[in-house]
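>>> got a sequence here, can you model it:
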Amino acid sequence: MSQFRVLFCCMGNICRSPTAEGVFEALVAQAGLGSEVRVDSAGTHAYHVGEQPDARSQRHARTRGYDLSRQRARQVCEADFEAFDLVLAMDWDNLALLEQLCPDEHHHKLRLFMSFAPDAGSAVVPDPYYSGADGFERVLNLVERASQGLLVHVQHRLREADAQSGPT
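All right, here's what the predicted structure looks like:
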């Protein structure tokens, strides 16, 4: 059985990317793919390494049934580009930083997360750090939309990989 690995990236790894990790991990579990899909998140900067997600992110996520409390912020490292099948940026700035860090042979793994929800009305997940409750709710709305599209993509990729490996 194949395993698919997804890394979500934002600037500090305390708001958007941990939210995406929590939401997508919950969808993966609901789909019965917990053993086949690995989910993680990281920041392009080391501002909050070792810290839990922002309390506001946790609070808003919890109201929708997502638990972010076990996560700890970390910075993306070069090994991540080898280890993950998709490295998903929350916005254009994060994507540009990831492109600078990523070895050429792994550039095909880099994408904007919102590319999985092209009809959502936003190409990026905006940073809610300096906003009020509405900013965190908007992040959750966008992340839930993109996570649905990402789940379909990952299921398709897993089926392809299983078909290529043949019966066991």
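>>> which stretches of the chain form strands?
Under the criterion DSSP state E, strands of the chain are mapped to 4-10, 37-43, 86-89, 110-112.
>>> I'd like these written out as JSON lines, with distance to residue 128 and mean pLDDT added.
(C-beta placed from N, C-alpha, C; glycine too.) Below are the strands of the chain laid out as JSON lines (distance: least, C-beta to C-beta, whole Å; pLDDT from 0 to 100):
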{"stretch": "strand 4-10", "distance to residue 128": "10", "mean pLDDT": "98"}
{"stretch": "strand 37-43", "distance to residue 128": "15", "mean pLDDT": "98"}
{"stretch": "strand 86-89", "distance to residue 128": "16", "mean pLDDT": "98"}
{"stretch": "strand 110-112", "distance to residue 128": "17", "mean pLDDT": "98"}
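>>> so what sits opposite the closest residue in space to residue 74 that isn't next to it in sequence in the bridge?
Distances taken as C-beta to C-beta, 6 or more residues apart in numbering put residue 42 closest to residue 74, at 5.2 Å, once the chain neighbours are dropped. Beta-bridge partners for residue 42, by DSSP bridges, are residue 9.
>>> can you pull the contacts of residue 42?
Applying C-beta atoms under 8 Å, 6 or more residues apart in numbering to residue 42 gives the contacts 7-9, 13, 17, 73-77, 80.
>>> between these, which is nearest residue 116?
Residue 116 lies nearest to residue 8 out of the contacts of residue 42, by C-beta to C-beta, at 11.4 Å.
>>> distance-wise, check the residue nearest to residue 75 when sequence neighbours are not counted relative to residue 110.
Nearest residue to residue 75, sequence neighbours excluded (C-beta to C-beta, 6+ apart): residue 46, at 4.5 Å. Using C-beta to C-beta, to the nearest Å, one obtains 20 Å as the distance from residue 46 to residue 110.
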